[in-house]
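**Student:** model this:
(chains A and B)
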Amino acid sequence: MSDSVLYEAPGPRARLRARYASVITGLVLLAVFGWVIYRLAQGGEFTYEKWGPLIDPTNESFTPLWTLLGKGLGNTLLAAGWSILFSLVIGTVLALTRVTAAAWYRWAVVGVIELLRGTPVVVLIFFAYQALPVMGLDLPVMWSLVIGLTAYNCVIIAEIVRAGIDSLPKGQSEAAYAVGMRRGQVMFNVLLPQAFRAMLPALISQLVVVLKDTSLGFTISYPEFVQRGETAIENLGNPIQLYLFIALIFIVINYTLSKLAVYTERRLSRGRKSSATAEPESAATTGD
Amino acid sequence: MQVLIDNYHLYLRGLGTTLQICLYAGLLTLVVGTFIAGCRVAPLTPLRAFGTAWVTVFRNCPLAVVLFFMAFGIPALGINASYFVFGTIGLALYTSAFVCEAIRSGINAVSPGQAEAARSVGLGFGQTLRLVILPQAVRSIVPPLGSVMIAMIKNSAIAGAFGIGGDLYAVGIRQSSAQGEEIIPVLLGVALGYLIITIPAGLLLGYVERKVAIAR
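**Tutor:** Numbers count the residues shown, from 1 in each chain, chains lettered A, B, ... in the order given. Coordinates of the predicted model:
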């Protein structure tokens, strides 16, 4: 339902009133914003010492800071990339076996999915970091983060894959069986390629969640973006400026990804009669 | 396992603190989220812009960064409070963006004919929303809103990682790092504590979802 259905197309008087109200609310919002700026300025948050390292290339801290943050961002993207890749593979395997295997196995998979979904991701990351070495699996710290994130996201992706397969018309598998394909062939040659297409938007949205969650690497001292920012803050003493910068970068990347997800969704539903895109309740819409 | 049995009161108190954080943050986030959703459908451009900006910022920013901001930014404005308050508010603000979107998509799920009919019998914007749209929208809002709340309960562990102190996650970390207890049982205990909340909540949500589902 478009918002404009909620109220009449305004007449001249309503338009005038709306304009007044707009100006007033605009002024109120600006006043609040201005107050925040004023307080920050009073606290000396707009001085050169605080901003210089971030924006002035001639500042002595500029190059080391940007190198540090750049490496951190690289580590963030690396961990997110591995996590989404492993989640995709494991999630697909989980989804497929859940559809086809014996009942006891199906129940076991459902149990694992419920357990992993109900546990906070930060606990899983910490578990991978602390418990795996005890179990005799000593990995570099990045893999703790990747394992924690994968454990959490693979079950969500398994659900997305299942929804993607379910969203396909039944005729697809019936036709495939009718021309004599075996079960594996039906799955890998007919259903999965289409399911992945339908899932693409949901998968991109999940990437946003993974990217956000890599910031939890700071709890295990993995040198990702936020953790590098913390290190820089210890030396430069400008938390507000640096966190503003970090938040901005995250928002730009994730906003672009979200728009990409919407764009692919539109593209996919355009060339088709039925708009069968997989839309399970993804973590992207719940803030997981 | 002995460590869990010996310290069960610590874990119970941690669970209590976690529930407390979630209760306060949950109430606050419902109020803020509803307000922002109202902004996003309002006929005034500045309010809409504000609502959109709010959702864009809090949806795309990691909760950890939001919490860092609460810890460093708000004191810089001259407002001081305990970290419990900041952590709870940060969690609530972060979640409010998702609450807003759940409410908005619920409103969007009501067929436009309903609003058109309400308008054509002469109801205004407020009346249309209050008497016709929202009562129907609630049915499609409840399931996603429930998922948002469950996600928030899990996210409260991140607030714990920040040293909100005394919540379930923080208790686990203290036990394992500071006191050098066996790590695996401690973390299993912490996970169990969250599962005790999230799994029944999920089951309850599934029940409610079936109950309020509309055959479209």
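
**Student:** any stretches of chain B with poor pLDDT?
**Tutor:** For chain B, applying pLDDT under 70 flags the ranges B:1, B:3, B:163-165, B:177-181, B:214-216.

**Student:** for it, which helix extends over the most residues?
**Tutor:** Across chain B, the longest stretch assigned as helix under DSSP state H is helix B:8-41.

**Student:** how far out from the middle of the chain is that helix?
**Tutor:** Helix B:8-41 has its C-alpha centroid displaced from the chain centroid by 6 Å (C-alpha atoms, centre = their mean, to the nearest Å).

**Student:** for that helix, packing partners?
**Tutor:** Packing partners of helix B:8-41 (3 or more C-beta pairs under 8 Å, 6 or more residues apart in numbering or on different chains; DSSP states H and E): helix B:45-60, helix B:83-109, helix B:134-161, helix B:168-173, helix B:183-212. Using the backbone N, CA and C atoms, a C-beta is placed for each residue, glycine as well.

**Student:** export the ones you listed to a markdown table and tack on distance to chain A?
**Tutor:** What follows is the helices and strands packed on helix B:8-41, written out as a markdown table (distance: least, C-beta to the nearest C-beta, whole Å):
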| stretch | distance to chain A |
| --- | --- |
| helix B:45-60 | 4 |
| helix B:83-109 | 4 |
| helix B:134-161 | 4 |
| helix B:168-173 | 6 |
| helix B:183-212 | 4 |
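
**Student:** how many neighbours does A:E174 have?
**Tutor:** Neighbourhood size, A:E174 [other C-beta atoms under 10 Å in any protein chain shown]: 10.

**Student:** check A:G70 too.
**Tutor:** Around A:G70 there are 12 residues (other C-beta under 10 Å).

**Student:** now swap in A:E234 and tell me
**Tutor:** By other C-beta under 10 Å, neighbour count at A:E234 equals 9.

**Student:** I'd like to know how far it sits from A:L116.
**Tutor:** 34 Å (C-beta to C-beta, to the nearest Å).

**Student:** related to what we said a few turns ago, tell me the angle the longest helix of chain B makes with helix B:45-60.
**Tutor:** Comparing the axes of helix B:8-41 and helix B:45-60 via axes from the mean of the first three to the mean of the last three C-alpha atoms, to 10 degrees yields an angle of 150 degrees.

**Student:** buried stuff in helix B:8-41?
**Tutor:** Buried residues in helix B:8-41, counted by 16 or more other C-beta atoms under 10 Å in any protein chain shown: B:10-11, B:14-15, B:17-19, B:21-22, B:24-26, B:28-30, B:32-34, B:36-41.

**Student:** name the helices or strands packed onto the helix or strand of chain A with the lowest mean pLDDT?
**Tutor:** Lowest by mean pLDDT, DSSP states H and E among the helices and strands of chain A is helix A:48-55, with a mean of 75. Packing partners of helix A:48-55 (3+ C-beta pairs under 8 Å, 6+ apart): helix A:62-100, helix A:239-270.

**Student:** adding distance to chain B and mean pLDDT, write these out as TSV.
**Tutor:** Shown next, in TSV, are these (distance: least, C-beta to the nearest C-beta, whole Å; pLDDT from 0 to 100):
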stretch	distance to chain B	mean pLDDT
helix A:62-100	10	87
helix A:239-270	4	87
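
**Student:** now these in CSV, with distance to B:F84?
**Tutor:** Below are these laid out as CSV (distance: least, C-beta to C-beta, whole Å):
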stretch, distance to B:F84
helix A:62-100, 29
helix A:239-270, 20
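
**Student:** so which of the ones you listed comes closest to B:G78?
**Tutor:** Closest of the helices and strands packed on helix A:48-55 to B:G78 is helix A:239-270, at 13.3 Å (criterion: C-beta to C-beta).

**Student:** how big is the angle separating that closest one from helix B:45-60?
**Tutor:** In terms of direction (the same axes, to 10 degrees), helix A:239-270 departs from helix B:45-60 by 90 degrees.

**Student:** buried residues in helix A:239-270?
**Tutor:** For helix A:239-270, burial by neighbour count (16+ other C-beta under 10 Å) applies to A:239-247, A:249-251, A:253-254, A:257-258, A:260-261, A:264-265, A:268.

**Student:** so who does B:V186 touch?
**Tutor:** B:3-4, B:172, B:175-176 (C-beta atoms under 8 Å, 6 or more residues apart in numbering or on different chains).

**Student:** from those residues, which two are the most distant?
**Tutor:** B:L4 and B:S176 (11.8 Å).

**Student:** higher neighbour count, those two?
**Tutor:** B:S176 (21 against 18).

**Student:** could you find the closest non-adjacent residue to B:A64?
**Tutor:** A:S215 (4.4 Å; C-beta to C-beta, 6 or more residues apart in numbering or on different chains).

**Student:** chain A: helices as residue ranges?
**Tutor:** Counting by DSSP H, the helices of chain A are A:12-42, A:48-55, A:62-100, A:103-118, A:121-134, A:141-166, A:170-178, A:183-185, A:192-214, A:225-236, A:239-270.

**Student:** in a markdown table, list those helices along with distance to B:A97.
**Tutor:** Listed next are these as a markdown table, based on distance: least, C-beta to C-beta, whole Å:
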| stretch | distance to B:A97 |
| --- | --- |
| helix A:12-42 | 17 |
| helix A:48-55 | 26 |
| helix A:62-100 | 21 |
| helix A:103-118 | 21 |
| helix A:121-134 | 18 |
| helix A:141-166 | 19 |
| helix A:170-178 | 37 |
| helix A:183-185 | 43 |
| helix A:192-214 | 12 |
| helix A:225-236 | 19 |
| helix A:239-270 | 12 |
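
**Student:** nearest to B:A81, of these?
**Tutor:** helix A:12-42 (15.6 Å).

**Student:** list the buried residues of that closest one.
**Tutor:** In helix A:12-42, counting by 16+ other C-beta under 10 Å, buried: A:18, A:21-22, A:25-26, A:40.

**Student:** from these, pick out the ones that also neighbour chain B.
**Tutor:** Contacts with chain B within those, counted by C-beta under 8 Å from any C-beta of the partner chain: A:18, A:21-22, A:25-26, A:40.

**Student:** and these, which is closest to chain B?
**Tutor:** Lowest distance from chain B to these (C-beta to the nearest C-beta) belongs to A:G26, with 3.9 Å.

**Student:** now the stretch 101-250 of chain A, which segments are flagged as low pLDDT?
**Tutor:** A:101.

**Student:** name the residues of it found near chain B, please.
**Tutor:** Residues of the stretch 101-250 of chain A that fall close to chain B, judged by C-beta under 8 Å from any C-beta: A:114-115, A:117-123, A:126-127, A:130-131, A:134-135, A:208, A:211-213, A:215-216, A:218-219, A:226, A:239-240, A:243, A:246-247, A:250.

**Student:** just the buried residues of the least confident helix or strand of chain A, please?
**Tutor:** Counting neighbours by 16+ other C-beta under 10 Å, helix A:48-55 gives A:50, A:52-54 as buried.

**Student:** turn these into a markdown table, including distance to B:N155.
**Tutor:** What follows is these, written out as a markdown table (distance: C-beta to C-beta, whole Å):
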| residue | distance to B:N155 |
| --- | --- |
| A:K50 | 30 |
| A:G52 | 35 |
| A:P53 | 32 |
| A:L54 | 29 |
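
**Student:** quick one on the thing from earlier: next, the angle helix B:134-161 makes with the longest helix of chain B.
**Tutor:** Using the same axes, to 10 degrees: helix B:8-41 against helix B:134-161 is 130 degrees.

**Student:** got the angle for helix B:8-41 vs helix B:183-212?
**Tutor:** Using the same axes, to 10 degrees: helix B:8-41 against helix B:183-212 is 40 degrees.
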